[in-house]
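Chemist: need a structure here:
(chains A, B, C and D)
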Protein chains: 2
Amino acid sequence: MIRVFIVDDHPLVQEGLRSLLANEKGIELCGYAMNAQSCLGFFINNTADVILMDINLPDMSGIELCKAIKTKYPGIMVLGLSTLNQGSYVNKMMENGASGYVIKNAGKEELIEAIREVHAGKTYLSFEAGQAMRKDNSIIQIPLITRREKEILCLIAEGFTNPEIAGKLFISSSTVDSHRKNLLSKMNMKNTASLIKFAVENNLI
Amino acid sequence: MIRVFIVDDHPLVQEGLRSLLANEKGIELCGYAMNAQSCLGFFINNTADVILMDINLPDMSGIELCKAIKTKYPGIMVLGLSTLNQGSYVNKMMENGASGYVIKNAGKEELIEAIREVHAGKTYLSFEAGQAMRKDNSIIQIPLITRREKEILCLIAEGFTNPEIAGKLFISSSTVDSHRKNLLSKMNMKNTASLIKFAVENNLI
DNA sequence: TTAAAAATCCCCTGAAAAGGGGAATTTTTA
DNA sequence: TAAAAATTCCCCTTTTCAGGGGATTTTTAA
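Modeler: Next up, the predicted model:
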C-alpha cells in the first residue's frame, strides 16, 4: 500500500486528485495540506511514501519545500505537480530531489503510473514535462524569479507604487525600480499590465 | 436519466466536474464545451436537460450564453457555476433565465442535489451563492463591466497602451482613457497593476 | 417612446513607469 | 575560496498613466 500525501493550495485540484486516487487499489491517501508549513507539520509525527507536491504554494515554493523534505526525510519520494510551461521549475525541482513530474491535467492512468514508478525508486517525467524540460523548443519557459523579485512582484500586483514599496521594504526606490525592470525583461513583458497578467495566470503570485 | 452538459473553459474544472458526475446514478454526461460557440453548436443537433455553465467564457459571458440558450430552448435548465464573490453576476444570470447557482468548489452532494432540483423545475442557490446575493453583506461584490470595458480590459492586460488600443478599436485615445478610468473607479482599484490582478483572479478576462 | 445606460470625445496637471545606461555590495553555490 | 548570482543604488529622458474636470451621441431597456 503506497501512502500518498497531497500538497496543493488549489481546492479544485485537491478535490480532483482525491477523487482520482479514491478507489485505486494499492494507493492510500494519508493526508493533505494547503501550504508548506502544514505539510512540514504533518511529517513531524507522520510519514508517507510519496508526496504529490504543487510547484506553487502560498508560503514557500515547491522547490524549497522539496529541498526541505528530501533533506529531513530522504526516503519520501516527491512527485512534482505543475501546469504546462514550467520547464525551468521542473529542472529546479529535480535538482532539489524530486523523483518526477506530472502535469496537473494528466489522466488518471498517468498519475497512478507516476506514483508507482517513483515509489519504486524510478524517475517519472510525463511526456509534457519532458517536452517542457527541453531547452530548445517552442514551449514558453517561465523564467525563475528570485525571492526578492517575487516579493516586489506581489507588492506591485497589490497596487503599490515604487516609492511605497521602497518604504515597506526599507530600500531605495531606485532598487525597486531595478527589480521591476529585471522582472519585465526576464519575463519578456511590455509593461506592468502584461507582467501582472502573466504572473497571476502562472501562479507566480 | 438527467442529461447534463458542461460549459467551462477551465480544463481542471472540467476534469473535476466530470469525475464528480461520472458514477452518479440517474445522471449522464451528454457533452461538454470549452466556449459559448461550441456550446451553441452542440445544441443545434443535440439536447440536454441541465447545463452546468461557467460565468466566464472566453468568447461570451455566461450571462449572454444563458440568455441565448433560454431564448432558443426554454426547456433546458441552466445551472450557473461561479467562484465566490460574484454576487452581481449571480443576479444577472438569474434575471436571464438561470435556474440556480452553485459555487465551483461545492461538494459532490451539493452539486448533485442542485442538478436534481433545477431539473425538477425548482430553483437552487448554494448557501454561498445566497450569501453573495445579499447586497448588505461583507462579501466583495464584483461590479458588472460592459462589453466595451471588457474588451479594453483585455487589451490592457495584453500590454497595449491607450494609443495602441485606440488604433485597434478605431476610437480615440481619450475614449480608451475614459473606459480605463471607469474600470479603475468601478472596481475600486488604485492602478493598472491591481486592476489586472483583480481581473485575472476573478476570471474577468 | 422616453429615460437610463453605455460609448464617445476633449481639456488640464502631476505622478508614475519604461527605457537606456552603469556600478558597488552582499549572498549563494560550486 | 572563487565565481556566479542576487541585491543594492544612481543618473538621464520620454512615454504612459492617474486624477480632476466636463460634454455629446448612441444604444439599451422599461
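Chemist: excluding sequence neighbours, find me the nearest residue to A:T161.
Modeler: Closest residue in space to A:T161, ignoring its immediate chain neighbours: B:N191 at 7.5 Å, by CB to CB, 6 or more residues apart in numbering or on different chains. The way it works is simple: take the backbone N, C-alpha and C, and place the C-beta from them, glycine included.
Chemist: can you pull the contacts of the one you found?
Modeler: With contact taken as CB atoms under 8 Å, 6 or more residues apart in numbering or on different chains, B:N191 is in contact with A:G159, A:T161, B:L184.
Chemist: looking at those, which are in helices?
Modeler: Of the contacts of B:N191, the ones assigned to helices by DSSP state H are B:L184.
Chemist: of the contacts of B:N191, just say which sits nearest to DNA strand C.
Modeler: A:T161 (3.8 Å; CB to the nearest atom of the strand).
Chemist: any idea how many residues pack against the closest one?
Modeler: The tally of other residues near A:T161 (other CB atoms under 10 Å in any protein chain shown) stands at 15.
Chemist: ok, and which of the contacts of B:N191 reach DNA strand D?
Modeler: With CB under 7 Å from any atom of the strand as the criterion, the contacts of B:N191 include B:L184 near DNA strand D.
Chemist: which of the contacts of B:N191 lies closest to DNA strand D?
Modeler: Using CB to the nearest atom of the strand, the contacts of B:N191 come closest to DNA strand D at B:L184, 5.0 Å.
Chemist: roughly how far apart are the closest one and B:I156?
Modeler: 10 Å (CB to CB, to the nearest Å).
Chemist: looking at the contacts of B:N191, which is nearest A:Y89?
Modeler: Looking at these and their distance to A:Y89, the nearest is A:G159, at 26.9 Å (CB to CB).
Chemist: span of stretch A:45-62 from start to end?
Modeler: 21 Å (CA to CA, to the nearest Å).
Chemist: in that stretch, what's buried?
Modeler: A:48-57, A:60-62 (16 or more other CB atoms under 10 Å in any protein chain shown).
Chemist: make a markdown table out of the contacts of B:N191 and add pLDDT and distance to A:G107.
Modeler: Shown next, in a markdown table, are the contacts of B:N191 (pLDDT from 0 to 100; distance: CB to CB, whole Å):
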| residue | pLDDT | distance to A:G107 |
| --- | --- | --- |
| A:G159 | 95 | 40 |
| A:T161 | 96 | 46 |
| B:L184 | 95 | 43 |
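Chemist: for B:Y101, state which of the contacts of B:N191 is nearest.
Modeler: B:Y101 lies nearest to B:L184 out of the contacts of B:N191, by CB to CB, at 28.5 Å.
Chemist: in space, what's closest to the closest one - neighbours in sequence excluded?
Modeler: In space, and not counting its chain neighbours, B:L184 is closest to B:L195: 6.0 Å by CB to CB, 6+ apart.
Chemist: pLDDT score assigned to that neighbour?
Modeler: On the pLDDT scale, B:L195 is placed at 96.
Chemist: center of chain A, which residue is that?
Modeler: Residue closest to the mean C-alpha point of chain A, counted by CA atoms, centre = their mean, is A:I55 at 0.7 Å.
Chemist: which residues touch A:E201?
Modeler: Counting by CB under 8 Å, 6+ apart, A:E201 touches B:V200.
Chemist: and it, how close does it get to B:K186?
Modeler: 23 Å.
Chemist: what do you get for A:D54?
Modeler: 34 Å.
Chemist: same question, A:I205
Modeler: Taken as CB to CB, the span from A:I205 to B:K186 is 23 Å.
Chemist: go on, A:L125?
Modeler: To B:K186, A:L125 is 46 Å away according to CB to CB.
Chemist: and those two? Which one has more around it.
Modeler: Between A:L125 and B:K186, counting by other CB under 10 Å, A:L125 is the more crowded of the two (20 against 14).
Chemist: can you find the helix or strand of chain A with the lowest average pLDDT?
Modeler: helix A:127-133 (a mean of 56; mean pLDDT, DSSP states H and E).
Chemist: check which element follows that helix along the chain.
Modeler: Next along the chain after helix A:127-133, taking DSSP states H and E as the criterion, comes helix A:147-157.
Chemist: which strands and helices sit next to that next one?
Modeler: helix A:162-169, helix A:173-187, helix A:192-201, helix B:192-201 (3 or more CB pairs under 8 Å, 6 or more residues apart in numbering or on different chains; DSSP states H and E).
Chemist: coming back round to it: how about the nearest residue to the residue nearest to the centre of chain A once chain neighbours are set aside, what does it touch?
Modeler: Residue nearest to A:I55 in three dimensions, not counting chain neighbours: A:G62, with 4.0 Å by CB to CB, 6+ apart. Contacts here follow CB under 8 Å, 6+ apart; on that basis A:G62 touches A:V7, A:M53, A:D54, A:I55, A:N56, A:G80, A:Y89, A:M93.
Chemist: and those, which two are the farthest apart?
Modeler: It's A:V7 and A:Y89 that sit farthest apart of the contacts of A:G62, by CB to CB, at 14.9 Å.
Chemist: what's near enough to touch the residue nearest to the centre of chain A?
Modeler: By CB under 8 Å, 6+ apart, the neighbours of A:I55 are A:S61, A:G62, A:I63, A:G80, A:L81, A:S82, A:Q86, A:Y89, A:M93, A:N203.
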